[in-house]
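[1] can't give you the sequence, but here's the structure:
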């Protein structure tokens with residue numbers, strides 16, 4: 001149990017929707033929960049009651065799907081259960097995806113094709129997903145192994161794991177819808193006569209879109225604000241000098257103006273209230289980790305690999321290690337771009353970060 005959890009509230013307690021079923025969490029909003037084959041073992045998906053005109057101008061009642069899960073036989077079967085038992089005989093009218101990570105966009109192509117509907121997503125995430133689907137080295141391969149080695153990870157077993165991940169993304173997201181409708185920050189989406197405002201977020205994904213409905217007091221936060229864990233914020237080989245943590249922390253401030261009693265529907269964990277407290281917890285968490293790094297750095301400096309035991313106190317498997325390396329680098333980059341540290345290339349060809357000299 002996270003000791004900070006008593007500061008936020010779970011209005012539904014420990015209730016969870018069963019496999020292939022839904023649970024109503026607010027008027028017109030139903031919660032679906034599907035399993036994932038990772039350490040983070042589930043994702044929350046949402047059905048929003050909707051009403052949209054068809055191409056002839058006739059109004060059609062149905063549902064908007066928000067996020068899709070990975071593509072697998074198991075998740076397709078679970079969706080079929082939902083379609084058969086939970087839609088009240090009404091169709092899916094569109095699919096909204098908060099961002100391009102596989103657990104969110106993996107089945108978008110299948111659902112869109114099955115119901116002949118449009119995908120709604122930010123343009124940045126749609127096109128990043130296209131690169132990841134059709135460029136098989138997007139999250140693995142030699143270039144990514146070289147990137148981790150540059151930052152001090154010289155464990156050959158791990159590097160071989162990375163080299164072998166040349167088709168990782170397409171195994172979870174085998175295709176994408178060929179067209180999409182763009183979500184823009186500050187834009188609105190009418191879902192069943194209610195206005196939902198798009199709030200962009202950065203650092204976790206290229207252009208993550210959360211959705212807020214003032215009428216309902218509900219925030220579909222995606223991965224930007226999670227109740228129990230800190231969202232992964234990473235630097236990747238494709239953007240090797242990103243300042244991802246600064247982007248993420250800046251993005252969090254965009255939710256502070258929402259009401260304190262907002263019901264947050266996250267992509268992982270349970271629906272909760274206490275948004276402002278959770279944002280403060282996340283800011284405190286990263287501030288403390290940054291201080292841990294500054295306290296540990298010596299004259300020789302730290303590589304991202306050196307920072308792993310400072311930031312992560314548990315053992316990590318190879319899959320988790322890729323996220324951990326990206327996150328360690330995000331913290332080091334925050335201090336580098338903020339002027340507290342400088343980056344040097346040592347004699348072993350490793351990037352090290354050390355406190356910047358004064359004077």
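    That came through, no problem. The model shown is predicted, which means the values in this text are computed figures rather than measured ones.

[2] wasn't residue 120 part of a strand?
    Yes - under DSSP: H, G, I helix; E, B strand; the rest coil, residue 120 sits within a strand.

[3] any idea of the mean pLDDT in stretch 290-308?
    For stretch 290-308, mean pLDDT rounds to 95.

[4] list the buried residues of it.
    Using 16 or more other CB atoms under 10 Å as the test for burial, stretch 290-308 gives 290, 293, 297, 301-308. (Each C-beta comes from the backbone N, C-alpha and C, glycine too.)

[5] which one of these is nearest residue 274?
    residue 290 (23.9 Å; CB to CB).

[6] can you check which helix is longest in this protein?
    helix 275-296 (DSSP state H).

[7] list the contacts of it.
    4, 7-8, 219, 225, 227, 230-231, 245, 249, 252-253, 255-256, 258, 260, 262, 264, 272, 302, 307, 310-311, 331-332, 334-335, 340, 355 (CB atoms under 8 Å, 6 or more residues apart in numbering).

[8] all helices of this protein, in order?
    Going by DSSP H, the chain shows helices at 73-85, 102-105, 108-115, 123-134, 142-150, 156-163, 168-172, 244-252, 275-296, 304-311, 318-337.

[9] can you report how many residues lie near residue 113?
    Applying other CB atoms under 10 Å, we find 12 residues neighbouring residue 113.

[10] can you turn the buried part of the contacts of helix 275-296 into a PyMOL selection?
    To isolate the buried members of the contacts of helix 275-296 in PyMOL, using 16+ other CB under 10 Å:
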select buried, resi 4+8+219+225+227+231+245+249+252+255+258+262+264+272+302+307+310+311+331+332+334+335
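
[11] can you check the pLDDT for residue 168?
    88.

[12] who's in contact with it?
    Here residue 168 is in contact with 139-140 (CB under 8 Å, 6+ apart).

[13] which one of the helices of the chain lies closest to residue 268?
    Closest among these, using CB to CB: helix 102-105, at 8.8 Å.

[14] what packs against the closest one?
    helix 168-172 (3 or more CB pairs under 8 Å, 6 or more residues apart in numbering; DSSP states H and E).

[15] swap in 6 Å and give it another go.
    Helices and strands touching helix 102-105, by 3 or more CB pairs under 6 Å, 6 or more residues apart in numbering; DSSP states H and E: there are none.

[16] mean confidence score for that helix?
    98.

[17] again, but for stretch 237-247
    97.

[18] in that stretch, which residues are buried?
    Taking 16+ other CB under 10 Å as the criterion, stretch 237-247 shows 237-238, 242-247 as buried.

[19] now do stretch 134-147, average pLDDT.
    The model assigns stretch 134-147 a mean pLDDT of 83.

[20] typo on my end, it should be stretch 203-223
    In the prediction, stretch 203-223 has an average pLDDT of 98.

[21] just the endpoints, please. Distance across that stretch?
    Using CA to CA, to the nearest Å, the span of stretch 203-223 from its first residue to its last is 11 Å.

[22] which residues are contacting that stretch?
    26, 66, 98-99, 122, 124-125, 128, 183, 194, 196-201, 224, 231, 233, 244, 247-248, 262-267 (CB atoms under 6 Å, 6 or more residues apart in numbering).

[23] and the residue lying closest to residue 174 once chain neighbours are set aside, how many neighbours?
    Nearest non-adjacent residue to residue 174, counting by CB to CB, 6 or more residues apart in numbering: residue 71, 5.7 Å away. Using other CB under 10 Å, residue 71 is surrounded by 20 other residues.

[24] show me the contacts for residue 71.
    106-107, 174.

[25] repeat that for residue 182.
    Taking CB under 6 Å, 6+ apart, we find residue 182 in contact with residue 123.

[26] tell me which residues in stretch 50-67 are buried?
    50-51, 62-67.

[27] related to what we said a few turns ago, which of the buried residues of stretch 290-308 sits closest to residue 325?
    residue 304 (5.5 Å).

[28] ok, residue 318 touching residue 161?
    Yes - if you go by CB atoms under 6 Å, residue 318 and residue 161 touch, sitting 4.3 Å apart.

[29] surely residue 112 meets residue 178?
    No - in this structure residue 112 lies outside contact range of residue 178 using CB under 6 Å: 9.3 Å.

[30] grab the longest strand from the chain for me.
    In the chain, ranked by residue count with DSSP state E as the criterion, the top strand is strand 42-53.

[31] not counting its neighbours along the chain, what's nearest residue 87?
    residue 63 (5.9 Å).

[32] so what's the one you found bridging to?
    residue 49, residue 92 (DSSP bridges).

[33] ok now do it, which residues does it touch?
    With CB under 6 Å, 6+ apart, residue 63 has these contacts: 47, 50, 87, 92.

[34] who wins for neighbours among these?
    Neighbour max across the contacts of residue 63 (other CB under 10 Å) = residue 50, 23 neighbours.

[35] I'd say it and residue 192 touch.
    Yes - the pair residue 50 / residue 192 is scored as a contact, 4.6 Å apart, by CB under 6 Å.

[36] how far away is the closest residue to residue 232 other than its chain neighbours from residue 164?
    In space, and not counting its chain neighbours, residue 232 is closest to residue 323: 5.0 Å by CB to CB, 6+ apart. Per CB to CB, to the nearest Å, residue 323 is found 17 Å from residue 164.

[37] more crowded one of the two?
    Higher neighbour count among residue 323 and residue 164: residue 323, with 16 against 13, using other CB under 10 Å.

[38] surely that one and residue 230 touch.
    No - in terms of CB under 6 Å, residue 323 does not count as a neighbour of residue 230; the distance is 11.2 Å.
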